[in-house]
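Q: Give the three-dimensional model of this entry:
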Amino acid sequence: MRRRADPARPRGLTLIEVLVALAIVAITLAAGLKASAALTANTQRLADVLAAQWCADNMLTELRLTRQFPPVGDSDFACEQLGTGYRGQLVVRPTPNPNFRRVDARVGDPQGQPILQLTTILPRL
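A: Numbers count the residues shown, from 1 in each chain. The predicted structure is shown next:
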C-alpha cells in the first residue's frame, strides 16, 4: 500500500535552503569574475612585455647594423609599438677587454615603470 503525501506538509525548498543556494552561486560568480580579471591583466602585461622587447631589440640591432662602437654612458630613446609609446634607456659600460662594450637596453612604460632589460656585448670593428 502506497502512502499518500500528507496535505498538511508543505513541499518545496525552505527559505534557508534557497538563501544557501544563492550564496553558493554568488561566491562562484565572484570567483569567476576575479579569475577573468586576472587573465585580462596578464594578457595586457604580456602585450607590454612583447612590445618592449621589440623596442629593445630594435635599438640593439640598430647599433649592430650601423657598426657603432658606442661610448660609455647613458642615453634615452623613445619607441612606439602597438600604438603605445615606450621610454627606454641605453646603458653602455666598459668590459675588462677594451675591445668590447656591454650595452643594456632598458624599456619602461609611458609612466616610467620598468618592463624589461636586454643586454648584449658589442665589439669594436
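
Q: What ranges in this protein fall below the confidence cut-off?
A: Low-confidence segments of the chain (pLDDT under 70): 1-10.

Q: Tell me where the protein has strands.
A: 73-81, 84-94, 100-108, 114-123 (DSSP state E).

Q: from those, which stretch is densest packed?
A: strand 100-108 (a mean of 19; mean count of other Cβ atoms under 10 Å). Heads up, the C-betas are built off the backbone N, CA and C, glycines and all.

Q: List the neighbouring strands of it plus their orientation.
A: strand 84-94 (antiparallel), strand 114-123 (antiparallel) (DSSP bridges).

Q: Any chance of JSON lines for the strands of the chain, columns distance to Asp48?
A: Listed next are those as JSON lines, based on distance: least, Cβ to Cβ, whole Å:
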{"stretch": "strand 73-81", "distance to Asp48": "9"}
{"stretch": "strand 84-94", "distance to Asp48": "8"}
{"stretch": "strand 100-108", "distance to Asp48": "9"}
{"stretch": "strand 114-123", "distance to Asp48": "6"}
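
Q: most centrally placed residue in this protein?
A: Closest residue to the average C-alpha location of the chain: Arg45 at 1.7 Å, with Cα atoms, centre = their mean.

Q: about what we covered before: select, out of the strands of the chain, the one closest to Thr66.
A: Checking these against Thr66 by Cβ to Cβ gives strand 114-123 as the closest, at 10.6 Å.

Q: what's in contact with that closest one?
A: Contacts to strand 114-123, defined as Cβ atoms under 8 Å, 6 or more residues apart in numbering, come from residues 48-49, 52-53, 56-57, 60, 63-64, 68-70, 86, 95, 99-109.
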